[in-house]
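In: Quick one, fold the following:
(4 chains)
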2 protein chains.
Amino acid sequence: MVTIYDIAKETGFSPATVSKALNNYSGVNKKTYERILGAARDMGYTANANARSLVTKKSWLIGVLFSDDVDTGISHPHFSGILQSFQSSVGSKGYDVIFVNKVLGDKKVSFYEHCMLRRVDGVMIAASKKYTSEVQSVVDSKLKLVSVEMPYPGKHTIICDNEMGSLQALEHLYFLGHRKIAHIAAPLFSTAGMERYSAYRKFLEDKGLEYKPHYVVEAPSYTHESGWMAIEKMISQCWNDMPTAVFVAYDELACSAIAYLQQRGFRIPKDFSIIGFDDLEIASFTSPPLSTIRQDRVTIGELAADRLIRLIEGKPGEEPKEMRIPTSLVIRGTCARIE
Amino acid sequence: MVTIYDIAKETGFSPATVSKALNNYSGVNKKTYERILGAARDMGYTANANARSLVTKKSWLIGVLFSDDVDTGISHPHFSGILQSFQSSVGSKGYDVIFVNKVLGDKKVSFYEHCMLRRVDGVMIAASKKYTSEVQSVVDSKLKLVSVEMPYPGKHTIICDNEMGSLQALEHLYFLGHRKIAHIAAPLFSTAGMERYSAYRKFLEDKGLEYKPHYVVEAPSYTHESGWMAIEKMISQCWNDMPTAVFVAYDELACSAIAYLQQRGFRIPKDFSIIGFDDLEIASFTSPPLSTIRQDRVTIGELAADRLIRLIEGKPGEEPKEMRIPTSLVIRGTCARIE
DNA sequence: CTGAAAGCGCTAACAG
DNA sequence: CTGTTAGCGCTTTCAG
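Out: Numbering: from 1, shown residues only, chains lettered A, B, ... in the order given. Predicted structure coming up:
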């Protein structure tokens, strides 16, 4: 492995000068600069980030923290969309992303310890569950952080405007003449689940519609099966008072609901109008394609990256606050005017 | 930031002993061990991975290399499934994963340079395109590596058995009585695209079926739109000699094809039987749900992790070779017996 | 079982 | 403009 000492020896300059040249410092003679860079290239030199971080106390590493469970795994389409955008944004500023896990080797290491071990410059939190002590320990620490799935007081939070989105969905249904609107909620321990449910309640109240407990089912998780169970339960408990439309808090649950209803012989949107939330890729592929609320994952990722880097680099940034990213209504084929 | 020197001072032992205790070395008195660990905990000590890596020359970092384009981005469902499994496997052995990009800060850094800068212990390559010099430079280097999307001679490759899968799909169609089988190929510059296409040709030959050029369309990319264009082209060029079934090399393309055909008034599977490849999540949500070939992403990720770590740790491992992971046929609703 | 000393590769004053 | 010196925090011989 070639070091700056090797280059120093080769070119006759001191390690210090070599370091300066390699880092594009101002006060270096053009000739020596070129001599050094030439030698570095010829000798196949690459800087050692570990050594550099040790002295500069900056790792150029950002930890991404997410729960290990299904909710926000890497392969979760919503989260991976945000991650993709976040990763490429911070990448363009020179930062690498590492995943922060609870498990590291045989030892179980806490999220916080993992972040410290790697001396990350900042953390992006994408955990969706209510305060767990594990996550809380990094929130309470001095680590710079942004959050993208749930708000933490006093911290930058870039999160979708769940109320706005829910209202867009509900207003759309209302506009189409629906008054008997049911709701399949996402797990209420998650921010998204809870906020969308609250917006549903608020909407009913604002419109003077009666809240019927049997019109609401909470899906136990964000999965396919969960959606299936939820709609099944809903149909059975609404048998004597069927809704005409259902606002489903998550596209994947909505897709399962459609599949279930169609299998039971109901027609979508003739018998039931369905509207989802998130605009996952699958929403385009159901038949009919799912009307839903789009979340701007690219913007969320970019903004989170921007805020975090400002925090890290001490740039004048806005005060840490909760930013709500607007949603938009995507009309496809699962909502019909009531007859 | 508390260091081992602080602990040494606090406990009265030397930094060397502290280090040994913290790392569970054998020759340490039980009493001192406990004293040191207690102090470390009380003082909120966390090791500095950068300093450690500098001396041990081991970073516990694994680079994941993928093309920046749509094909294998983090949010690509196939890739993210493998990544998820890979990440959690290596994580349990103490390794962290970083994404290796071409862009890092303002400078464009090559994949290889990025790996070197971070002194990664190994690399997982998930690029699907034919040899690009960028990727090639890391393949030709001394970096330990495994590949999961395309084979590199002399390197561990864990990849799905595309021929097996294609044959399963084709035999299924054949069994259902189809003889006029078309093929929508995935981009032929990718391993999967090429191998599945080759298997299609081989199958025709083995069955003594005629190869008709108008029965084959190559989708320009792995996207929704691309699938739409491909099926459109196919229908137009087959107008006088329609196939009864089409083997589509990638689920997402297949889903678009279904949507297009249905919109044109064709019935699936009555007018056309469709079978996909990969068993992405969306395959369950089309209507009818898509019959397809399942790839075992979990196994691929685990095996890749295992092989790479063996390589890194110099454990007795098998010779680097190409491992083909078996596929399985998933029968759902898009293939029917010909009438 | 414990400690002294050296050094991993690099940067950051501070001189010259 | 260039070099000297001193660490960053940790591990690793090698003595004791």
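In: if I pick A:Pro288, what's in contact with it?
Out: Counting by C-beta atoms under 8 Å, 6 or more residues apart in numbering or on different chains, A:Pro288 touches A:268-269, A:332-334. In this view, the C-beta of every residue, glycine as well, is placed from N, C-alpha and C.
In: quick one: secondary structure of A:Asn24?
Out: Secondary structure, DSSP: H, G, I helix; E, B strand; the rest coil: A:Asn24 is coil.
In: how much space between it and A:Glu34?
Out: 12 Å (C-beta to C-beta, to the nearest Å).
In: Over to A:Arg201?
Out: 69 Å.
In: that older thread, quick one: which of the contacts of A:Pro288 is nearest to chain B?
Out: A:Ile268 (9.4 Å; C-beta to the nearest C-beta).
In: any weak-confidence spans in the stretch 101-250 of chain A?
Out: Scanning the stretch 101-250 of chain A for pLDDT under 70 picks out A:102-107, A:130-131.
In: Show me the helices in it, by range?
Out: A:111-117, A:133-139, A:162-175, A:191-207, A:224-237 (DSSP state H, counting those that start in this stretch).
In: who does the last one touch, helix- and strand-wise?
Out: With contacts taken as 3 or more C-beta pairs under 8 Å, 6 or more residues apart in numbering or on different chains; DSSP states H and E, helix A:224-237 sits against strand A:181-185, strand A:216-218, strand A:245-248, helix A:251-263.
In: Now with 6 Å, please.
Out: Using 3 or more C-beta pairs under 6 Å, 6 or more residues apart in numbering or on different chains; DSSP states H and E, the elements in contact with helix A:224-237 are strand A:216-218, helix A:251-263.
In: Report the angle between it and helix A:251-263.
Out: Put simply, helix A:224-237 runs at 50 degrees to helix A:251-263, going by axes from the mean of the first three to the mean of the last three C-alpha atoms, to 10 degrees.
In: Which one of the helices and strands packed on helix A:224-237 lies nearest to chain B?
Out: That would be, of the helices and strands packed on helix A:224-237 and by C-beta to the nearest C-beta, helix A:251-263, which comes in at 4.5 Å.
In: That closest one versus strand A:181-185: what angle between them?
Out: Going by the same axes, to 10 degrees, helix A:251-263 makes 130 degrees with strand A:181-185.
In: Now do the host helix or strand of A:Gly81: which elements does it pack against?
Out: Assigned by DSSP states H and E, A:Gly81 belongs to helix A:77-91. Applying 3+ C-beta pairs under 6 Å, 6+ apart, one finds that helix A:77-91 contacts helix A:297-313.
In: List the strands paired with the helix or strand following the helix it packs on, with their directions.
Out: Using DSSP H and E, the next helix or strand after helix A:297-313 towards the C-terminus is strand A:322-325. Using DSSP bridges, the strands paired with strand A:322-325 are strand A:156-160 (parallel).
In: which parts of the strand it pairs with are buried?
Out: A:156-160 (16 or more other C-beta atoms under 10 Å in any protein chain shown).
In: what do you get for stretch A:296-303?
Out: A:296-297, A:299-303.
In: try stretch A:189-205
Out: A:190-197, A:199-200, A:203-204.
In: next one: stretch A:12-32
Out: Buried, per 16+ other C-beta under 10 Å, within stretch A:12-32: A:13, A:17-22, A:28, A:32.
In: so A:Asn218 bridges to which residues?
Out: No, residue A:218 isn't Asn; it's Glu. A:Ala185.
In: now stretch A:47-64: mean pLDDT?
Out: Stretch A:47-64 shows a mean pLDDT of 96.
In: can you tell me which residues contact A:Tyr215?
Out: Contact analysis of A:Tyr215 by C-beta atoms under 6 Å, 6 or more residues apart in numbering or on different chains lists A:182, A:243.
In: Swap in 10 Å and give it another go.
Out: Residues near A:Tyr215 by C-beta atoms under 10 Å, 6 or more residues apart in numbering or on different chains: A:180-184, A:200, A:204, A:209, A:234, A:237-238, A:241-243, A:246-247.
In: Going through those residues, which ones are buried?
Out: By 16+ other C-beta under 10 Å, the contacts of A:Tyr215 give A:180-184, A:200, A:204, A:209, A:234, A:237-238, A:243, A:246-247 as buried.
In: Would you mind checking which of those is nearest to chain B?
Out: Of the buried ones among the contacts of A:Tyr215, the one sitting nearest to chain B (C-beta to the nearest C-beta) turns out to be A:Ile184, at 15.8 Å.
In: thinking again about what came up before, quick check: the two most widely separated of the buried residues of stretch A:12-32?
Out: For the buried residues of stretch A:12-32, the maximum inter-member distance is 12.4 Å, found between A:Ser19 and A:Thr32 (C-beta to C-beta).
In: Grab the nearest non-local neighbour of the residue of the stretch 151-300 of chain A found nearest chain B.
Out: At 3.8 Å from chain B, A:Ser287 is the closest residue in the stretch 151-300 of chain A, using C-beta to the nearest C-beta. The spatially closest residue to A:Ser287, leaving aside those adjacent along the chain, is B:Ser287, at 3.8 Å (C-beta to C-beta, 6 or more residues apart in numbering or on different chains).
In: A strand includes the one you found, no?
Out: No. In this structure, B:Ser287 is coil, not part of a strand, as judged by three-state DSSP.
In: just to revisit the earlier point, turn the buried residues of strand A:156-160 into JSON lines, columns for distance to B:Arg41.
Out: What follows is the buried residues of strand A:156-160, written out as JSON lines (distance: C-beta to C-beta, whole Å):
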{"residue": "A:His156", "distance to B:Arg41": "31"}
{"residue": "A:Thr157", "distance to B:Arg41": "32"}
{"residue": "A:Ile158", "distance to B:Arg41": "35"}
{"residue": "A:Ile159", "distance to B:Arg41": "35"}
{"residue": "A:Cys160", "distance to B:Arg41": "40"}
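In: What is the neighbour count of the residue nearest to A:Val139 when sequence neighbours are not counted?
Out: Leaving out its chain neighbours, the residue that sits closest to A:Val139 by C-beta to C-beta, 6+ apart is A:Tyr152, at 5.3 Å. Around A:Tyr152 there are 18 other residues, counting by other C-beta atoms under 10 Å in any protein chain shown.
In: any idea how far A:Tyr152 lies from DNA strand D?
Out: 28 Å (C-beta to the nearest atom of the strand, to the nearest Å).
In: right, and that residue touches A:Ser141 too?
Out: No. Using C-beta atoms under 10 Å, A:Tyr152 makes no contact with A:Ser141, being 11.9 Å away.
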